[in-house]
Each structure stands twice: as structure tokens, then as C-alpha cells.
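*Asks:* Below are the sequence and a predicted model; questions follow.
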Amino acid sequence: GNQKWKGLTWGLLPLHSSGITACTYHLFYNCIPVLVPLQAFLTVVGNTTAAYAALRIALSNGWSADSEIVNAFLKQIAGDTADIPEQTVKEESASLVGFEDLGDALANDTDYSFLIKLFVGCAIASYTIKYGELLFNFPFDANAYLGISVVAIPSALNAFKWYKRSQDPTFEGWF
């Protein structure tokens, strides 16, 4: 397939980390102010890298703008795509694997049973998060290092997972 799609995966990772940062900020009851500019930075970087990755995909598929100025700019930053050789299509494994792929598990559900499962799952998760965190003291302590760790560790694990998948398409994760 088109290898430029891998760039989109990498381009979206800062946005994933931005979402984790927002959740972490609220987990600690908005008491770690350094997370706000970190989330803003990750959002800007993520939007920029996602846009650039989308541009690379469009250019590799033969897209060109109608304006000469825009075309000249695009050729300058991305190189002339006319010289890119045709890529062969190879069979790859599904992108969603393991616990991420619930499609097969929910394929036989009706709309109503799916909505009931969704509501019950959200209610249980909300109740667990709201009252379960009272069993721990860390949300009330506002430790900046712990907050950064809560963002950095899942982000690093996610990046490593996609790195492993780019090296070995049969890699299905750890769960």
C-alpha cells in the first residue's frame, strides 16, 4: 500500500497525547497548571503533523491544487511527485487488533442491544472513575511529576506499539 499512510499514524500521536493530557488535568482536579500549556502545545503540533501527513497522502495520490502559486509551494516542500515509482500493494494485517477491535464482538448486536451495552458500560465506567478515585490519594495531591508521567507513559507505549507494527505488520500488541 501507500507508505504515506504510516505518516498519518505518527502525525496523530501528539493529538492522542493531547487528549490524555486533558483527562489527566481533570483527574487531578485542575490543580496541575503546567498541563494546560502542554495540552495546547501537543494540540498545535498534532494538528500541524496531521495536516502535513494528509498533504503527503494527497500528493502521493496525484492531487494538485488549481493555483500555480500553490502548486509551486507544494512542489517545493514535498518534492516533485511525478518521479515517485508506482508502489506494489502487499497484504497487511488489520490495523485494529486485540482489545482495540470490538467490531467482531459487537457485529451481531441489534441497534438497541448495542445502545444498552453502551449506556451500561458508560454508566459503570463513570461510577467507577467518580467514586473509585476516592480510594486513592494521588488525585488530591496534585503532583506535577505524577501528572506528567500519566501523560508520558501511555504516550510512549502507544508510540512504541505503532513503531513495532511498522516494523512487523503481524505484531498484535501485548493484550
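*Replies:* Thanks, I have the structure now.
*Asks:* contacts and neighbour counts: CA atoms only from here.
*Replies:* Fine.
*Asks:* helices or strands next to the longest helix along the chain in the packing?
*Replies:* Longest helix in the chain, counting residues (DSSP state H): helix 35-60. Packing partners of helix 35-60 (3 or more Cα pairs under 8 Å, 6 or more residues apart in numbering; DSSP states H and E): helix 4-27.
*Asks:* Identify the residues contacting residue 42.
*Replies:* For residue 42, the contacting residues are 14-15, 17-18, by Cα atoms under 8 Å, 6 or more residues apart in numbering.
*Asks:* now stretch 110-125, how far from the centre of its chain.
*Replies:* How far stretch 110-125 lies from its chain's middle: 24 Å, per Cα atoms, centre = their mean, to the nearest Å.
*Asks:* residues in contact with that stretch?
*Replies:* So stretch 110-125 is contacted by residue 106 (Cα under 8 Å, 6+ apart).
*Asks:* can I get the CA coordinates of that stretch in PDB?
*Replies:* Only the C-alpha atoms of stretch 110-125 are listed here, as PDB (Å, rounded to 0.1, in the frame of the first residue of the first chain):
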ATOM      1  CA  THR A 110     -29.000  -5.000  17.200                       C
ATOM      2  CA  ASP A 111     -29.100  -1.300  17.400                       C
ATOM      3  CA  TYR A 112     -31.000  -1.400  20.700                       C
ATOM      4  CA  SER A 113     -28.800  -4.000  22.400                       C
ATOM      5  CA  PHE A 114     -25.700  -2.000  21.300                       C
ATOM      6  CA  LEU A 115     -27.200   1.200  22.800                       C
ATOM      7  CA  ILE A 116     -28.000  -0.700  26.000                       C
ATOM      8  CA  LYS A 117     -24.500  -2.100  26.200                       C
ATOM      9  CA  LEU A 118     -23.000   1.300  25.500                       C
ATOM     10  CA  PHE A 119     -25.200   3.000  28.200                       C
ATOM     11  CA  VAL A 120     -24.400   0.400  30.800                       C
ATOM     12  CA  GLY A 121     -20.700   0.400  30.000                       C
ATOM     13  CA  CYS A 122     -20.500   4.200  30.300                       C
ATOM     14  CA  ALA A 123     -22.500   4.200  33.500                       C
ATOM     15  CA  ILE A 124     -20.300   1.600  35.100                       C
ATOM     16  CA  ALA A 125     -17.100   3.400  33.900                       C
END
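*Asks:* Done for today, thanks.
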